[in-house]
Structures are given as structure tokens and as C-alpha cells.
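**Student:** Test case, fold it:
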Amino acid sequence: MTAFTGMVSALLCTLLAAVLMVAIHRYATNALSSEIRADGGRVVVTVEDQGGVTGPLAHHPRRNVQVVDSRGRVVQSTPALRGKPPMAAFVPDGQNIREEVVCGGVFGSGQCAIVVSQSVRRPEGRWTVYASSPTVPWWVSPWLAALVVGSAALLAVVITFLGNRIVTASLRPVKAIRNQLDAINASCPSRRVPVPPAHDEIHELAVSINHTLGRIDVAMTQQRHFASDASHDLRSPIAAMRAEVEDALLAPEETSVTTLGNTLLVSLKRLESIVSDLLTVARLDAGEAAALVSIDLGELAAEECRTRHQTTKIFTCDLEPGVMVLGDRMRLGRLITNLLDNAERHADSTITINVRHEHDERFPHGAAVLEVIDDGPGIDPDKRELVFQRFARLDAARSKDAGGSGLGLAIARQIAEARGGSLRIEDSDRGARFVLRLPRS
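**Tutor:** This is a model prediction of the structure:
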């Protein structure tokens, strides 16, 4: 960027110097032309009044003047052109004055001069007065050219230096951000990059990086808690199976293969449930694509209810037909299954499932609503969000329920939110009331 600034400033300063020199040259040339006309005009007035000039024709050492009669003979001349023919062959135009640049001739090879011719009225005819001076060179004068060129070079250097300082100053926060990012690792995820005070793009970049680091920190914290909770829940059935096997080995005459197998199957079933839920959570976290189809939510809920006819709980279904949603059939079925499993574990006797359509401003076609209500002990309002956390336990009684992995409700909410919906616990006269809202297709 500094090199680019230097090249651009050098180009612009060169152009500025050239334009300035052209302007000064034009001004000097116009001024010289005016002086030549004035000197020639003075001679014209003197020749018309007195017939000639008694004193010197020109007072400037570089000025040359010739008086030429009507027959083209030089009547009077400055010393430098004495004895030489007329300096020019053109005569004044209709305004009795004419100006041209003449090269060579009486001025010498390669020399040019500005020549102004003016008419003189004499009784014997029209005479001509030629006044000339060497043309102004493009540099006008050496000291002026040196001043302009030096000033342009100095200006280019100053602009390049300032550009380097500005770029260095603007990139200093970027260097600080980079150094801080290099220092952040898994052992210190809570560190953040410095935010520069200037409200520019680098400020916005630092803010965005800090937001990203914050999300990563939260995700890492959740991952550590998840790994810890998963290890704890997996350790429990494994420890139970180990204890049963050790007891059987210590007292083989007091047990049988059937008894040991039935005991181990309970822990194996719980272990299988936890592993299955862990795989489901991993797929959901990875954002695995789902096959989206149009599904009748009431029909899907009815299928799940029919599979529970052998349970001791009473299932009451009020299902509105034609409540269509767009989603993955297996995942939505898993969502409803998890809700019904949770309700079945905690209900005293009755579980109610409602499916209906509601108007909802968040969704253009309204919301498809599924409610699962149990008549169990319910959940305190301040703990309603806690149950959706992975491996969350409210109390000892709930943590020891048969078959619960601690992931069912978390998976259910994640499936709902993946389809743009919501899953919450709302107020109920008795027990817990889980309400699922999905955008209706």
C-alpha cells in the first residue's frame, strides 16, 4: 500500500509540476509578447511623428527592433541586427499588428524568437516596425524549474511518508487482534481481542470476532458439560452391570443365567437408549439434512398413540384432521415419542394429546399446535427451561425413572427449532403441559 501510494503521489506530483510549468511558461510568454508590442509601439509612434528614432530602438539587451521602409529596406536597426536583412517577411494584418514565432534566419540556426510586426504610416508609403525577443524556454528559468521540480519531489515524499504512517497506524489494531488470536487456545477460550476505539471496519471486525469467540466459548463449555454428563450417565448402567456380574461370580449358586440376564437387560436397555440419543444429538448438532415431506400432524400423533395400547396409562386424543406441516417424518415421530415417553413416566393415570390449528403472526399460514398434558406432579415455572437441557435432572425421583436418558426433551426441542418452531412448557391446571408449535404448510 505504501508503494502504491508512492507511485500514485509521484505520478500526480509530476503531473502537477508539468501543469504548473506549462501555466508559468504560458504566462511568461504572454507577458513577453506584451512587452514586445509595447516596445514596438513606442518605435511606431516615434517614427510616425519624427520620421525616425534618435535614441536607442530598444532598452532591453535581448530585444531587437528593425524599421523597414515600404521597399523592404532596413532603415534603422538595433546593434545586434545591424547590416542584416529584415528579421521577418510577414506584414501586419488588418489590425496593423501581427505576431509570429520565427526560427533561424537573422537569429541563427536553431534559434527562435517572437516577432511582432506593426504598421507605420509615412508620406512615402507604409513602413513596418519589427520587434522581437527570444522565445521563453519550457523551464522559463533554471531556478524556477529547480524550485517546481524539487517541490513536487518533496511533496511526493511527504505524501508517501504520511501514507505509510496512516497505513501503519490503521493496521496496528489488526496486528494486535492477530497477536491476541494467536494466543487464544483451548486452555483460555474466554479471552477476547482488543476493540479499537475508532468506529470503522476494523472496530466492527473486532466486535464480530469477539462475538464469534463468545459463541465458541459457550459451545466449548456446553461440550465439556455434555461430555461430563454423558460419561456420568453411561457409567451408571455399566457400574450396575459390573456389580451384578461380580455378585454372580462371587455366589454362583445363589443366581441363575436367567436371573442375571434379566437384570443385565434392564441396564443394557438404558445403555442402548443413551447411546441412541447421543447419536441423534450428534446428527442434529452436525446439521444433517432431513427429507422434508408434507405430514399430517394429527395422523402422526395418532400412530404414536396406537403403539401404546398396552400401557397402564390412559391416552386421550383430540386430533384435528388436516393440520399439515413440512418436516422429516422420522424426526417428528421421534419428537412426539419423546414427549409421550416423558408424559408416560410422570403421569399418574391420564395423558392427553391435542392437535389443532392456531393463528400465529410468526407464521404466514398459521401454526400447527400439538399439546401433551399429563396429570403428574408438574414442573415449577422457574424450572421449565431446565428440563430441556441435556442430562438435566430436577430431583432424585425424576432422575431414577425407568428408561429416561436425560436427552429426550432436549432432542425434542432441537428438532422443533430446526423446523422453525418452538417447544415450551405452559401453564396447566394439573401436571405438565408441553406445547409444540410448528409453521403450518
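
**Student:** And Arg192, how close does it get to Asp182?
**Tutor:** 14 Å (CB to CB, to the nearest Å). No exception for glycine: its C-beta is placed from N, CA and C like everyone else's.

**Student:** And Val91, by the same measure?
**Tutor:** 85 Å.

**Student:** So between the two, which is more surrounded?
**Tutor:** Val91 (15 against 8; other CB atoms under 10 Å).

**Student:** isn't the more buried one right up against Trp127?
**Tutor:** No. Taking contacts as CB atoms under 8 Å, Val91 lies outside contact range of Trp127: 10.4 Å.

**Student:** hey, what's in contact with both of the two?
**Tutor:** Common contacts of Val91 and Trp127, defined by CB atoms under 8 Å, 6 or more residues apart in numbering, comprise Ser119.

**Student:** so what's Arg172 scoring on pLDDT?
**Tutor:** On the pLDDT scale, Arg172 is placed at 88.

**Student:** Just give me how far the host helix or strand of it sits from the chain centre.
**Tutor:** If you go by DSSP states H and E, Arg172 is part of helix 142-183. Taking CA atoms, centre = their mean, to the nearest Å, the mean C-alpha location of helix 142-183 is offset from the chain mean by 25 Å.

**Student:** Which elements pack onto it?
**Tutor:** Under the contact definition 3 or more CB pairs under 8 Å, 6 or more residues apart in numbering; DSSP states H and E, helix 142-183 sits against helix 2-50, helix 201-250.

**Student:** could you say what helices and strands the shortest one packs with?
**Tutor:** In other words, helix 2-50. Using 3+ CB pairs under 8 Å, 6+ apart: helix 2-50 touches strand 64-68, strand 97-103, strand 112-122, strand 125-134, helix 142-183.

**Student:** wait, which of these is closest to Arg82?
**Tutor:** strand 64-68 (9.5 Å; CB to CB).

**Student:** Quick check: mean pLDDT of the helix or strand just after the closest one?
**Tutor:** Using DSSP H and E, the helix or strand that directly follows strand 64-68 along the chain is strand 74-77. For strand 74-77, the mean pLDDT works out to 89.

**Student:** What is the burial count for the residue nearest to Thr280 when sequence neighbours are not counted?
**Tutor:** The spatially closest residue to Thr280, leaving aside those adjacent along the chain, is Ile411, at 5.5 Å (CB to CB, 6 or more residues apart in numbering). Neighbourhood size, Ile411 [other CB under 10 Å]: 23.

**Student:** tell me the contacts of Ile411?
**Tutor:** 277, 280-281, 284, 334-335, 338.

**Student:** Please identify which of those residues is nearest to Ser441.
**Tutor:** Closest approach between the contacts of Ile411 and Ser441, by CB to CB: Leu335, at 16.3 Å.

**Student:** ok, how many other residues are close to the closest one?
**Tutor:** 29.

**Student:** Break the protein into its domains for me.
**Tutor:** Residue ranges for the domains of the chain, per automatic domain parsing: 2-134, 201-282, 290-439.

**Student:** Mind checking those for the one nearest to Lys175?
**Tutor:** Across the domains of the chain, closest to Lys175 is domain 201-282 (CB to CB), at 10.7 Å.

**Student:** Quick one: distance of the closest one to the chain centre.
**Tutor:** Using CA atoms, centre = their mean, the offset of domain 201-282 from its chain centre is 42 Å.

**Student:** hmm, back to that, would you mind finding the most buried of the helices and strands packed on helix 142-183?
**Tutor:** helix 2-50 (a mean of 15; mean count of other CB atoms under 10 Å).

**Student:** could you point out which element follows the worst-scoring helix or strand of the chain on mean pLDDT?
**Tutor:** Of all helical and strand segments in the chain, the minimum by mean pLDDT, DSSP states H and E falls on helix 396-399, at a mean of 42. Using DSSP H and E, the helix or strand that follows helix 396-399 in sequence is helix 408-418.

**Student:** How about that next one, which residues are buried there?
**Tutor:** 408-416, 418 (16 or more other CB atoms under 10 Å).

**Student:** what about it, average pLDDT?
**Tutor:** Averaging pLDDT along helix 408-418 gives 89.

**Student:** how far off helix 201-250 does that helix point, in degrees?
**Tutor:** 150 degrees (axes from the mean of the first three to the mean of the last three CA atoms, to 10 degrees).

**Student:** Please work out which residues outside the next helix or strand after helix 408-418 touch it.
**Tutor:** For helix 408-418, the succeeding helix or strand toward the C-terminus, using DSSP H and E, is strand 422-426. Contacts of strand 422-426 with the rest of the structure, by CB under 8 Å, 6+ apart, involve 335, 379, 384, 387-388, 409, 412-413, 416-417, 432-437.

**Student:** Would you agree Pro189 falls within a helix?
**Tutor:** No. With DSSP: H, G, I helix; E, B strand; the rest coil as the criterion, Pro189 is coil rather than part of a helix.

**Student:** Out of the helices and strands packed on helix 142-183, which gets the lowest mean score?
**Tutor:** When I compare these, helix 201-250 is least confident, with a mean of 84.

**Student:** Output the contacting helices and strands for that one.
**Tutor:** Judged by 3+ CB pairs under 8 Å, 6+ apart, the packing partners of helix 201-250 are helix 142-183, helix 257-285.

**Student:** how about the shortest one: buried residues?
**Tutor:** Just to be clear, that refers to helix 257-285. For helix 257-285, by 16+ other CB under 10 Å, it's 260, 263-264, 267, 270-271, 273-274, 277-278, 280-281, 284.

**Student:** who's in contact with Arg413?
**Tutor:** So Arg413 contacts 388, 423 (CB under 8 Å, 6+ apart).
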